[in-house]
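J.: Attaching a predicted model along with its sequence, questions to come.
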Amino acid sequence: MRIGIHSGYWSAGPPPGIEDAIVAADALGVDSVWTAEAYGSDAFTPLAWWGSRTRRIRLGTAVAQIYARTPTATAMAALTLDHLSGGRAILGLGVSGPQVVEGWYGEPYRRPLARTREYVDIVRQVLERGAPVAYDGEFYQLPTRAEQATGLGKSLRSTVHPLRADLPIHLAAEGPKNIALAAEIADGWLPLFYTPRLDAEFREHLEAGFAARAPERSSRADFEVSATVPVVVHDDVEKAADAVRPFLALYVGGMGAKGANFHRNAIDRLGYSEAADEITELYAAGRRAEAVAAVPTALVEDIALVGPAEKIARDVEAWKGTAVTTLLVQGDATAVRTMAEILG
């Protein structure tokens, strides 16, 4: 199992010390570093900046928002980053949720799976550069056939020759159909709330996608599953769990609209519906400290690695037999170093 770093979202500014941590991780042989975006920092710029100070570590977006850019613009960013980094880019894509998509990007959140399928098709056309890009889909048409268009558009081919026509594309997915779609059309899956306890169930969803996978796609043996896993090293398990509770409370109670929170749905599937109801109610009432305190330690330990290094070394054994190929550490430099020592 490989190790990566998930740098997460920026808050008011860049994460303190992250550049030095990534440089150190590159020297340690850590496999990859990943960035996120929602409605603050973007996912590509930090990778270009941090990537300029590294030589080996792979550079992944987890995730670049599909609704934030046209497919061709995303392909341009990915192939540019791939050239600058010497072939280290991984394009991780995701659809976010209706609050962000409609509130920030100003796009209707409709049929996200179908949109994702079209999006990936177009990105691959750009990267393959076999012919001028043309597409006539429900969501994307190239050239456009919008009523207000001039009608002068023409199919174009990237002026830049992509470094890798097979630049890997990964999909962030939480629901069963989304997971299957990742296995069908992508080169990897980016799960947020993975637990070894439900590994068999996750594998079933992946198998459904592999069964529909086109023969020209990369081998399923090369398919990657890069799971974001909070890691907190501390002698006291409860105090370590306290560092993860705000993250879970936010995703359960504060991300997404009522009845349309896909992160909450994922927690329900893990078996924590009752706790999630309480967290959601407290969060909506503005009682955030109580919402954080309501996150069960059992839930934290299901999706994270917390406690003394010896306990984490024992707990990570359950992850080794799962479908996960890369464990993306969400934590400080101590967490990354501890996981590198345990799995190195």
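T.: Alright, I've got the coordinates.
J.: Was I right to think Phe193 contacts Ala266?
T.: Yes - between Phe193 and Ala266 there is a contact at 4.7 Å, judged by Cβ atoms under 8 Å. C-beta here means a position set from N, CA and C on the backbone, and glycine is covered the same way.
J.: Between those two, which contacts overlap?
T.: Between them, Phe193 and Ala266 share these contacting residues under Cβ atoms under 8 Å, 6 or more residues apart in numbering: Glu174.
J.: Need the contact partners of the host helix or strand of Asp242.
T.: Secondary structure assignment for Asp242, by DSSP states H and E: helix 237-249. With contacts defined as Cβ under 8 Å, 6+ apart, helix 237-249 is touched by 230, 232-234, 267, 279, 283, 288, 291-295, 297, 299-301, 303-304, 306-308, 311, 330.
J.: For stretch 167-183, buried residues please.
T.: Of the residues in stretch 167-183, 167-174, 178-183 count as buried by neighbour count, 16 or more other Cβ atoms under 10 Å.
J.: Could you work out the most separated pair of those?
T.: Across those, the longest distance by Cβ to Cβ is 24.0 Å; it joins Leu167 and Glu174.
J.: Wait, Gln165 touches Val123, no?
T.: Slight slip there: residue 165 is Ala, not Gln. No - using Cβ under 8 Å, Ala165 is not in contact with Val123, being 11.3 Å away.
J.: Compare those two (neighbour count), which wins?
T.: Val123 (25 against 13; other Cβ atoms under 10 Å).
J.: That one and Gly188, how far apart?
T.: 14 Å (Cβ to Cβ, to the nearest Å).
J.: Next: Leu79.
T.: On the measure of Cβ to Cβ, Leu79 and Gly188 end up 18 Å apart.
J.: which residues touch Val114?
T.: No Val there; residue 114 is Ala. Ala114 touches Glu138, Phe139, counting by Cβ under 8 Å, 6+ apart.
J.: What strand or helix carries it?
T.: Per DSSP H and E: Ala114 is located in helix 112-128.
J.: for Arg110, same thing?
T.: Arg110 belongs to no helix or strand, assigned by DSSP H and E.
J.: Number of residues surrounding it?
T.: 12.
J.: Alpha carbons of stretch 168-186, as CSV, please.
T.: What follows is stretch 168-186, C-alpha atoms only, in CSV (Å, rounded to 0.1, in the frame of the first residue of the first chain):
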residue,chain,number,x,y,z
PRO,A,168,-4.7,9.1,-15.4
ILE,A,169,-8.2,10.3,-14.6
HIS,A,170,-9.7,9.4,-11.2
LEU,A,171,-13.3,10.1,-10.0
ALA,A,172,-14.4,11.0,-6.5
ALA,A,173,-17.5,9.0,-5.7
GLU,A,174,-19.5,8.1,-2.6
GLY,A,175,-22.7,6.4,-3.8
PRO,A,176,-22.9,2.9,-5.4
LYS,A,177,-23.7,4.1,-8.9
ASN,A,178,-20.9,6.7,-8.8
ILE,A,179,-18.4,4.1,-7.6
ALA,A,180,-19.4,1.8,-10.4
LEU,A,181,-19.0,4.7,-12.9
ALA,A,182,-15.4,5.3,-11.7
ALA,A,183,-14.6,1.6,-12.3
GLU,A,184,-16.2,1.8,-15.7
ILE,A,185,-14.7,4.9,-17.3
ALA,A,186,-11.8,6.1,-15.1
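J.: avg pLDDT for it?
T.: Stretch 168-186 shows a mean pLDDT of 97.
J.: and what of stretch 64-84?
T.: Taken as a whole, stretch 64-84 has an average pLDDT of 98.
J.: what about the strands in the stretch 1-150 of the chain?
T.: Using DSSP state E, counting those that start in this stretch, the strands of the stretch 1-150 of the chain run over 2-6, 32-35, 58-61, 64-65, 89-94, 135-136, 141-142.
J.: Let me see the contact set for the residue most central in space within the chain.
T.: For the chain, the residue sitting closest to the mean C-alpha position, by Cα atoms, centre = their mean, is Ala62 at 3.2 Å. Contact partners of Ala62, counting by Cβ under 8 Å, 6+ apart, are 6, 34-36, 43, 92, 94, 170, 172, 190, 226, 228, 328.
J.: right, and the helix or strand after the strand or helix carrying Thr280?
T.: Assigning secondary structure by DSSP H and E places Thr280 in helix 273-284. Using DSSP H and E, the helix or strand that follows helix 273-284 in sequence is helix 288-293.
J.: Can you name the element that comes right after that next one?
T.: In N-to-C order, the element after helix 288-293 by DSSP H and E is helix 297-303.
J.: Let me see the mean pLDDT of that next one.
T.: 98.
J.: what packs against that helix?
T.: strand 224-233, helix 237-249 (3 or more Cβ pairs under 8 Å, 6 or more residues apart in numbering; DSSP states H and E).
J.: Tell me what angle the last one forms with strand 224-233.
T.: Orientation check (axes from the mean of the first three to the mean of the last three Cα atoms, to 10 degrees): helix 237-249 against strand 224-233 gives 130 degrees.
J.: Buried residues, helix 237-249. List them.
T.: With the criterion 16+ other Cβ under 10 Å, helix 237-249 contains buried residues Val237, Ala240, Ala241, Asp242, Ala243, Val244, Arg245, Phe247, Leu248, Ala249.
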